[in-house]
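J.: The sequence and its predicted three-dimensional model are supplied below.
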Amino acid sequence: MKNLFVALFLLSIYTKCSSQTKAEALLSLGEKIDMHKLYDSKKNYNYLLEEVDFNHNKTIKFIQFCTAFKLCSTAYYLTAKEYSEITVKQKAESKYIQIFFPNNSIETKKINIKTEEHFDGETASSITIFLEKDTPQSEVNKIKNGFVDLLKMYTIEKKVVLD
């Protein structure tokens, strides 16, 4: 019995010491994405993840900056309580990860890059992260799993679909 108590005590210490905070998870995932983001002469994607207060709730703000013929930027506020799936696909020029949420459940704002003003955007149902085509599958999986863990921290769970 004494050994069981010691084992449980050590396990609880390990769990508390090895778990990431939300800020650490946001930073870590952002760094992984930054290392493998798509870059070519026509398109250059940059991403920023941060915690914000949106409608009096702490949520993830996912900003996608893109230079494709013109500057564009969109902020996605991940306030949905569930997501349906995360897919990894490949195009000729890149790999990409898509996270699907219920229809029109993501508020967006368009951002004027010069003035940093935010303007209401259309609602969205997914976010996409474009990665270099040669990104190792192990790194793609780390990014995908990083999103799963981050979404859980914000109580955004995978929707259970019963057949």
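T.: Cool, the structure landed.

J.: what about the closest residue to residue 40 other than its chain neighbours, how many residues close to it?
T.: Leaving aside its sequence neighbours, residue 40 sits nearest to residue 93 (C-beta to C-beta, 6 or more residues apart in numbering; 6.7 Å). Where C-beta positions appear, they are placed from N, C-alpha and C, glycine not excepted. Per other C-beta atoms under 10 Å, the neighbour tally for residue 93 reads 13.

J.: swap in residue 117?
T.: 10.

J.: Please name the nearest non-neighbouring residue to it.
T.: Counting by C-beta to C-beta, 6+ apart, the residue nearest residue 117 is residue 111, at 7.2 Å.

J.: For the one you found, which residues are in contact?
T.: By C-beta atoms under 8 Å, 6 or more residues apart in numbering, residue 111 lies in contact with 63, 73, 74, 75, 117, 118, 119.

J.: I'd say the residue nearest to residue 40 and residue 131 touch.
T.: No: between residue 93 and residue 131 there is no contact under C-beta atoms under 8 Å: 10.7 Å.

J.: which residues do these two both contact?
T.: By C-beta under 8 Å, 6+ apart, the residues touching both residue 93 and residue 131 are residue 38.

J.: Mind listing what's buried along stretch 45-55?
T.: Residues of stretch 45-55 classed as buried: 45, 47, 49, 54 (neighbour count, 16 or more other C-beta atoms under 10 Å).

J.: Distance check, the second one against residue 154.
T.: The one in question is residue 47. 17 Å (C-beta to C-beta, to the nearest Å).

J.: do the same with residue 129
T.: In terms of C-beta to C-beta, residue 129 sits 17 Å off from residue 154.

J.: quick one: contacts of stretch 117-131?
T.: For stretch 117-131, using C-beta under 8 Å, 6+ apart, the contacting residues are 33, 36-38, 43, 45, 47, 62, 64, 74-76, 78, 94-112, 140, 143.
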